[in-house]
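*Asks:* Kindly return the folded structure for what I paste below:
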Amino acid sequence: MKKTITPAATPPSWDTEALYLKAERYVQRMSALDSDDWEYALWSSLSLEFLARAALANVSPALLAETDKSWSSLYHALGFTPTEEKFAPKSIAISEVFRRLTAILPDFTKEHESFGIRHTGRRNAELHSGEPAFDGIKGSIWQPHFYQTCDILLASMGMTLQDFVGKDEAAVAKKLVAAAADDSAKAVKGEVEAHRKVWLAKGEEERTTLGAQASVWATRQSGHRVDCPACASRALVVGEPVSAPMQRLNDGEITETQEYLPNQFQCIACGLKIAGLSRLTAVGLGDRYKKTQIYDAAEYYAPEDDYAGYEDDNNEY
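*Replies:* Below is the predicted model of the structure:
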């Protein structure tokens, strides 16, 4: 059978690689921001949308085309040129993209679909309403779901999370996903409740004294200050670095910041101690934090003294 009309290459509007490159551009913009910044979450939602569209287009670009009112977008997605006046290609809504992926990809579950719709829905609220949709949402709440969803979409295209976000961030993502999936870690909530009951049984004067001591202790120790989930006193989390130090020069000073992932918590007021990222995540303490140090620029860049550590030579001749 002879074909008299042949399609051209898939237009960029529907092209898997073009959609993926846009997702990659947005995730790189995300990575340049602090992980607790609302813009970090916003760029992640933009990246997730285009990654999902790329995965669906990888099955067939035609699956992205809106066909409710006209078949021109479908025709265009197949590589043909529509004759419709003032034609502009129209894609299906992102919620429908996630629904189709759930039906097509074996590993893409209803849970991933729900997260995708919820996360991109916040983006719509952020961009099209007065609601600050990403404010106050901890990274430990959404980041594990984000990375797990991305991982499945990438795998469907023969790629890995490391290809998408880089080696260092992929390693952090793996820990976040594992921590969120550890159901046994939720037992720590019982320990928190036990410490809360003991704390409330103390007299008000004793609680005030212990709280003041904890505040002084937390200020003087090295770590990231947080509120204790049991007694609300100032406490500390400490962890391991998950990014290279970043330096910024301003008015003769070097400000160095580095991101950490917590793995230990201690409160000296009520005595609560928690070890492990998964257990910290279960009680809302699993978010990444930044350590900031300030140096004098002249001292920071000064050459190292070869004689540092030696006593002064006071011999007289």
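
*Asks:* Strands of this structure, start to end?
*Replies:* Taking DSSP state E as the criterion, the chain contains strands spanning 224-227, 234-241, 246-250, 253-266, 273-275, 289-296.

*Asks:* among those strands, which is nearest Y147?
*Replies:* Each of the strands of the chain has some distance to Y147 by Cβ to Cβ; the shortest is strand 253-266, at 13.3 Å. All C-beta spots, glycine's among them, are computed from the backbone N, C-alpha and C.

*Asks:* Now do that closest one: which elements does it pack against?
*Replies:* The helices and strands touching strand 253-266, judged by 3 or more Cβ pairs under 8 Å, 6 or more residues apart in numbering; DSSP states H and E, are strand 224-227, strand 234-241, strand 246-250, strand 273-275, helix 277-282, strand 289-296, helix 297-301.

*Asks:* of these, which approaches H119 most closely?
*Replies:* Between the helices and strands packed on strand 253-266, helix 277-282 lies closest to H119; by Cβ to Cβ that is 18.1 Å.

*Asks:* what about the closest one, average pLDDT?
*Replies:* What helix 277-282 shows for mean pLDDT is 92.

*Asks:* From the rest of the structure, what touches it?
*Replies:* Applying Cβ atoms under 8 Å, 6 or more residues apart in numbering, the contact partners of helix 277-282 are 140, 175-176, 178-180, 182, 184-186, 188-189, 237, 261-263, 265, 274, 286.

*Asks:* can the strands of the chain go into CSV with extra columns for distance to F164?
*Replies:* Shown next, in CSV, are those (distance: least, Cβ to Cβ, whole Å):
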stretch, distance to F164
strand 224-227, 28
strand 234-241, 22
strand 246-250, 21
strand 253-266, 19
strand 273-275, 31
strand 289-296, 23
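
*Asks:* Show me the one of those that comes nearest A54.
*Replies:* Closest among the strands of the chain, once you apply Cβ to Cβ, is strand 253-266, at 27.9 Å.

*Asks:* Tell me which residues of that closest one come out buried.
*Replies:* Neighbour counts over strand 253-266 (16 or more other Cβ atoms under 10 Å) mark 254, 258-266 as buried.

*Asks:* can you check stretch 36-45 too?
*Replies:* 36, 40-45.

*Asks:* can you check stretch 19-38 too?
*Replies:* 19-20, 22-24, 26-27, 29-31, 35-36.

*Asks:* How far away from the center of its chain is it?
*Replies:* With Cα atoms, centre = their mean, to the nearest Å as the basis, stretch 19-38 stands 10 Å off its chain's centre.

*Asks:* Just list the residues touching G116, thanks.
*Replies:* 48, 52, 94, 98, 149.

*Asks:* An error on my part: the question was meant for S95.
*Replies:* Contacts of S95 (Cβ under 8 Å, 6+ apart): 117, 120-121.

*Asks:* pLDDT and neighbour count for the residues you listed - can I get that in TSV?
*Replies:* Below are the contacts of S95 laid out as TSV (pLDDT from 0 to 100; neighbours: other Cβ atoms under 10 Å):
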residue	pLDDT	neighbour count
I117	96	16
T120	95	21
G121	94	14
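
*Asks:* Narrow those to those in helices?
*Replies:* Among the contacts of S95, the members falling in helices (DSSP state H) are 117, 120-121.

*Asks:* Setting aside sequence neighbours, what's the nearest residue to I5?
*Replies:* Using Cβ to Cβ, 6 or more residues apart in numbering and skipping the chain neighbours, the partner closest in space to I5 is F80 (7.2 Å).

*Asks:* Isn't N263 up against V242?
*Replies:* No - the pair N263 and V242 fails to qualify as a contact (Cβ atoms under 8 Å) at a distance of 10.8 Å.

*Asks:* Q213 touches C267, doesn't it?
*Replies:* No - between Q213 and C267 there is no contact under Cβ under 8 Å: 11.0 Å.
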